[in-house]
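# got a structure for you, letters missing:
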């Protein structure tokens, strides 16, 4: 995906956040009403708007913060990457040597 796809100004990002907040609030309010006053199609459309704005926001957040993800991955790398790990043949030779030395 090109960088232009997710490069959005802060106003657009704020718009998506506001859209998530408002649609979630209205959806929560409608759900608290009695069953006779709830409209399924309005609730479904609000849920779709909520999920769409969440998707667009997270795409932009992931594009804006790629370095944080890379730094976290490097910090969580296991320590065995820097060590010299013996091969299976070397391990079996070492085990055979130890068993002969023990006898």
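Thanks, I have the structure now. Predicted model only: the values in this text are computed from it and were never measured.

# what helices or strands is the top helix by length along the chain leaning on?
Using DSSP state H, we find that the single longest helix of the chain is helix 40-64. Judged by 3 or more C-beta pairs under 8 Å, 6 or more residues apart in numbering; DSSP states H and E, the packing partners of helix 40-64 are helix 3-6, helix 10-32. The C-beta positions use only the backbone N, C-alpha and C, and glycine is treated the same way.

# same list (those) but as a markdown table, adding mean pLDDT and distance to residue 38.
Listed next are these as a markdown table, based on pLDDT from 0 to 100; distance: least, C-beta to C-beta, whole Å:
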| stretch | mean pLDDT | distance to residue 38 |
| --- | --- | --- |
| helix 3-6 | 53 | 36 |
| helix 10-32 | 88 | 6 |
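
# want to throw these into a markdown table with mean neighbour count and distance to residue 60?
Putting the helices and strands packed on helix 40-64 into a markdown table (neighbours: other C-beta atoms under 10 Å; distance: least, C-beta to C-beta, whole Å) gives the following:
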| stretch | mean neighbour count | distance to residue 60 |
| --- | --- | --- |
| helix 3-6 | 10 | 5 |
| helix 10-32 | 13 | 6 |
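
# out of the ones you listed, which gets nearest to residue 46?
Nearest of those to residue 46, taken as C-beta to C-beta: helix 10-32 at 4.4 Å.

# neighbouring contacts of that closest one?
37-39, 42-43, 46-47, 49-50, 53-54, 56-57, 60 (C-beta atoms under 8 Å, 6 or more residues apart in numbering).

# taking helix 40-64 as reference, get the angle to that helix.
Counting by axes from the mean of the first three to the mean of the last three C-alpha atoms, to 10 degrees, helix 10-32 lies at 150 degrees to helix 40-64.

# can you pull the contacts of residue 45?
No contacts exist for residue 45 under C-beta under 8 Å, 6+ apart.

# so how far is residue 90 from it?
In this view, residue 45 and residue 90 are 64 Å apart by C-beta to C-beta, to the nearest Å.
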